[in-house]
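A.B. asks: predicted model and sequence below, questions to follow.
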Amino acid sequence: MPDFPVHVVFPGRIVFVGFGSIGQGVLPLILRHVGVSPDRITIVTAEDAGRQEAQEYGIKFVKQPITQENHAQVLGPLLSTGDFLLNLSVDVSSIALIKLAREKGALYLDTCIEPWPGGYTDQSVSAARRTNYALRESALALRTPGNKGPTAVLTHGANPGMVSHFVKQALLNIAADTGTDAGNPRTREEWAALSHKLGIKVIHIAERDTQVANIPKKLGEFVNTWSVDGFISEGCQPAELGWGTHEKTLPPRGHEFDFGPKCAIYMMQPGAGTRVRTWTPKAGSFHGFLITHGESISIPDYLSHREGGKVVSRPTAHYSYHPCNDAVLSVAEFAGRNWQQQERKRIMNKEIIDGIDELGVLLAGHKKNAYWFGSQLSIEEARKLAPYNSATSLQVCVAVLSGLVWAMENPTQGIVEPDEMDFRRNLEICKPYLGPVVGSYTDWTPLTGRNSIFKEDVDADDPWQFKNVLV
């Protein structure tokens, strides 16, 4: 990409809240592809990480933790009509920042709907109210009649975010390969009808990170290829997943919600302690963590097909995440400490010497069984494409960029989710940074190779029952 096309010229100011691995990785992409000068960008963050990078680019860097008490006082003077509040923080309430942005007439984007500190683990709040499902309901409740106002993009990183665009492209690919007339779906109802027509039962956000470093994980250290705090926070939330209409029985410790659209369920156990079976083209089959994520709720809600006002078809959807091997060891140690965080944390970047992040969506239950579509980005290519990035962070950062550009191009859309955005425009911006973007069919199911060592209680009549997926 020798010329770095400018996708949009932005006359306002951009305010970063948080400047961890994603903030540091997306800044050079914004300066490449958005017409904005460094003097119109301000970074507000709780730590010194990234200060040198900000200074290299001539960006104002403010070390100031954002709290429930000070967020309006600190951020308010930095925002006015037409500016952009880019929330890449942990432990800062997304709801509070969305409200502030709307009061100021500013655009907004985050990669996850975050609560204030303790919101994920507060024992005085029911487990159902500590889920992403509940956080999503709170964010969507901010919509005004007709959903007017400055655009606020919810949960637009790699996942949640870009994977919703992968799903739409995968649906069109499956339709073409099975001789199904897809038409030209544009609305929620049309996409849901296509999913129903194809017979989609299951959507896994299937990710296998094989990146390895020349510095191994040490005892008492949590190592990851992206935010340690973010991974720990979401890993401690209840495991939750979109719940398909084909499912016969709830899983052990599974519970339905008694509020909202009831398109999902949760389990009374942490996502980092819950394993599921899945498949990607390079890794093959593996066990991933069922980490709670926004797309696990928004995708099945979006693809709920109704007839006569009743939902007759909805896919089960969930994240199936195998992080890098050192992160798996870190989670095992974290769980063994009864979910008490290790003394040290490290985000792998410069020490990574090999590996890829294979991130995509596995759509199953259709005529051709299962189809994976996504990115296979290597650390070598990521380093060639953008500074301050690993394969994992670049997949997130370019999705942040595409969501930010889309919001700037569509500044009056109110509060929107990734599923409601133009998938073609977002993929157009993302693809140059994703390495090989491939689609692959497979005969694999969660029953492949089962009962070969011990007899198991499986549903042989329907391989795609969650009962068969859960480890």
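C.D. replies: Cool, the structure landed. Numbers count the residues shown, from 1 in each chain.
A.B. asks: D326 contacts N214, doesn't it?
C.D. replies: No - judged on C-beta atoms under 8 Å, D326 makes no contact with N214 at a distance of 11.4 Å. From N, CA and C alone the C-beta is placed, and that goes for glycine too.
A.B. asks: where do the helices sit along the stretch 51-200 of the chain?
C.D. replies: 51-57, 71-75, 94-104, 132-140, 162-177, 188-198 (DSSP state H, counting those that start in this stretch).
A.B. asks: between these, which one is nearest to D83?
C.D. replies: helix 94-104 (7.0 Å; C-beta to C-beta).
A.B. asks: where does pLDDT dip in the protein?
C.D. replies: 1-2 (pLDDT under 70).
A.B. asks: out of D326 and N214, which sits in the more crowded spot?
C.D. replies: D326 (23 against 10; other C-beta atoms under 10 Å).
A.B. asks: what strand or helix carries P11?
C.D. replies: Taking DSSP states H and E as the definition, P11 sits outside all helices and strands.
A.B. asks: contacts only, for it.
C.D. replies: G82 (C-beta atoms under 8 Å, 6 or more residues apart in numbering).
A.B. asks: got the phi/psi numbers for it?
C.D. replies: phi -80, psi -10 (degrees, to the nearest 10).
A.B. asks: hang on, the earlier thing: now distance to E234 and mean neighbour count too, for the helices of the stretch 51-200 of the chain, in JSON lines please.
C.D. replies: Below are the helices of the stretch 51-200 of the chain laid out as JSON lines (distance: least, C-beta to C-beta, whole Å; neighbours: other C-beta atoms under 10 Å):
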{"stretch": "helix 51-57", "distance to E234": "26", "mean neighbour count": "15"}
{"stretch": "helix 71-75", "distance to E234": "22", "mean neighbour count": "17"}
{"stretch": "helix 94-104", "distance to E234": "13", "mean neighbour count": "20"}
{"stretch": "helix 132-140", "distance to E234": "8", "mean neighbour count": "22"}
{"stretch": "helix 162-177", "distance to E234": "15", "mean neighbour count": "23"}
{"stretch": "helix 188-198", "distance to E234": "26", "mean neighbour count": "20"}
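A.B. asks: distance to G355 for the ones you listed - can I get that in a markdown table?
C.D. replies: Supplementary listing: the helices of the stretch 51-200 of the chain in a markdown table, determined by distance: least, C-beta to C-beta, whole Å:
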| stretch | distance to G355 |
| --- | --- |
| helix 51-57 | 24 |
| helix 71-75 | 37 |
| helix 94-104 | 31 |
| helix 132-140 | 28 |
| helix 162-177 | 20 |
| helix 188-198 | 33 |
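A.B. asks: how about those, which one is nearest R314?
C.D. replies: Closest among the helices of the stretch 51-200 of the chain, using C-beta to C-beta: helix 188-198, at 8.2 Å.
A.B. asks: mind listing the strands for the stretch 351-471 of the chain?
C.D. replies: Counting by DSSP state E, counting those that start in this stretch, the stretch 351-471 of the chain has strands at residues 352-354, 356-366, 369-378, 415-416, 437-442.
A.B. asks: most packed of these?
C.D. replies: strand 356-366 (a mean of 26; mean count of other C-beta atoms under 10 Å).
A.B. asks: which strands and helices sit next to that one?
C.D. replies: If you count contacts as 3 or more C-beta pairs under 8 Å, 6 or more residues apart in numbering; DSSP states H and E, strand 356-366 packs onto helix 162-177, strand 202-209, strand 275-280, strand 369-378, helix 391-409.
A.B. asks: now do it and helix 162-177, the angle between them.
C.D. replies: 50 degrees (axes from the mean of the first three to the mean of the last three C-alpha atoms, to 10 degrees).
A.B. asks: partners of strand 356-366 in the sheet?
C.D. replies: Using DSSP bridges, strand 356-366 pairs in its sheet with strand 202-209 (antiparallel), strand 369-378 (antiparallel).
A.B. asks: reformat these as a markdown table; add distance to Q269.
C.D. replies: Conversion of those to a markdown table gives the following (distance: least, C-beta to C-beta, whole Å):
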| stretch | distance to Q269 |
| --- | --- |
| strand 202-209 | 19 |
| strand 369-378 | 26 |
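A.B. asks: of these, which is nearest S320?
C.D. replies: With C-beta to C-beta as the criterion, S320 lies closest to strand 202-209 of the strands paired with strand 356-366, at 4.6 Å.
A.B. asks: could I get the contacting residues of the residue lying closest to A175 once chain neighbours are set aside?
C.D. replies: Excluding the flanking residues, the one nearest A175 by C-beta to C-beta, 6 or more residues apart in numbering is A182, at 3.7 Å. Neighbouring residues of A182 by C-beta under 8 Å, 6+ apart: L171, L172, A175, A176, L194.
A.B. asks: so which pair among those residues is furthest apart in space?
C.D. replies: A176 and L194 (11.6 Å).
A.B. asks: how far away is C263 from R314?
C.D. replies: Distance, C263 to R314, by C-beta to C-beta, to the nearest Å: 6 Å.
A.B. asks: and for E381?
C.D. replies: On the measure of C-beta to C-beta, E381 and R314 end up 36 Å apart.
A.B. asks: which of those two has more residues huddled nearby?
C.D. replies: The residue with more neighbours, out of E381 and R314, is R314; 28 against 17, by other C-beta under 10 Å.
A.B. asks: hang on, the earlier thing: nearest to R32, out of the helices and strands packed on strand 356-366?
C.D. replies: Closest among the helices and strands packed on strand 356-366, using C-beta to C-beta: helix 391-409, at 8.7 Å.
A.B. asks: what is the orientation angle of the host helix or strand of E234 with helix 132-140?
C.D. replies: Assessed by DSSP H and E, E234 sits inside helix 228-236. Put simply, helix 228-236 runs at 110 degrees to helix 132-140, going by the same axes, to 10 degrees.
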